[in-house]
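Trainee: The sequence and its predicted three-dimensional model are supplied below.
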Amino acid sequence: MPQLPVMSGGEVVRAFETFGWRVARRSNHIILVREGSTVTLSVPDHKEVAKGTLRSLIRSAGLTVEEFSQRR
């Protein structure tokens, strides 16, 4: 299993944007939506996103850690 990278909230958002997610709104958390999907992602706007939170976001987006790591 590949290691999850240490990423900020902004870096996580930019990585998900490469998979077709877009920013719906920003505050303490950045809400991402994707056309045709009922899932929304809530990315904390922190300097460092916790690894468990990042893993959960990747899983919710329907991706694997490998896919996410290759595109970031």
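Mentor: Looks like it arrived, so ask away.

Trainee: can you map out the helices along the chain?
Mentor: Assignment of helices within the chain using DSSP state H yields the ranges 9-17, 51-60, 65-71.

Trainee: Save those as CSV, and put in distance to Arg25 too.
Mentor: Using the backbone N, CA and C atoms, a C-beta is placed for each residue, glycine as well. Listed next are the helices of the chain as CSV, based on distance: least, CB to CB, whole Å:
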stretch, distance to Arg25
helix 9-17, 12
helix 51-60, 16
helix 65-71, 23
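
Trainee: Can you tell me which of those is most buried?
Mentor: Burial of the helices of the chain is given as mean neighbour count (mean count of other CB atoms under 10 Å); helix 9-17 ranks first at a mean of 18.

Trainee: starting at the chain centroid, how far to it?
Mentor: 6 Å (CA atoms, centre = their mean, to the nearest Å).

Trainee: Which other helices and strands does it contact?
Mentor: With contacts taken as 3 or more CB pairs under 8 Å, 6 or more residues apart in numbering; DSSP states H and E, helix 9-17 sits against strand 29-33, strand 41-44, helix 51-60.

Trainee: Run through who's touching that helix.
Mentor: With CB atoms under 8 Å, 6 or more residues apart in numbering as the test, helix 9-17 has contacts from 7, 21, 23, 30, 32, 41, 43-47, 49, 54, 57, 61, 68, 71-72.

Trainee: Buried by neighbour count, from the residues you listed: which ones?
Mentor: Buried residues within the contacts of helix 9-17, counting neighbours by 16 or more other CB atoms under 10 Å: 7, 21, 30, 32, 41, 43-44, 49, 54, 57, 61, 68.

Trainee: Dump these to JSON lines, plus pLDDT and distance to Arg14.
Mentor: Formatted as JSON lines, those follow (pLDDT from 0 to 100; distance: CB to CB, whole Å):
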{"residue": "Met7", "pLDDT": "96", "distance to Arg14": "9"}
{"residue": "Trp21", "pLDDT": "98", "distance to Arg14": "10"}
{"residue": "Ile30", "pLDDT": "98", "distance to Arg14": "10"}
{"residue": "Leu32", "pLDDT": "98", "distance to Arg14": "11"}
{"residue": "Leu41", "pLDDT": "98", "distance to Arg14": "13"}
{"residue": "Val43", "pLDDT": "98", "distance to Arg14": "10"}
{"residue": "Pro44", "pLDDT": "97", "distance to Arg14": "15"}
{"residue": "Val49", "pLDDT": "97", "distance to Arg14": "12"}
{"residue": "Leu54", "pLDDT": "97", "distance to Arg14": "13"}
{"residue": "Leu57", "pLDDT": "98", "distance to Arg14": "13"}
{"residue": "Ala61", "pLDDT": "97", "distance to Arg14": "14"}
{"residue": "Phe68", "pLDDT": "95", "distance to Arg14": "12"}
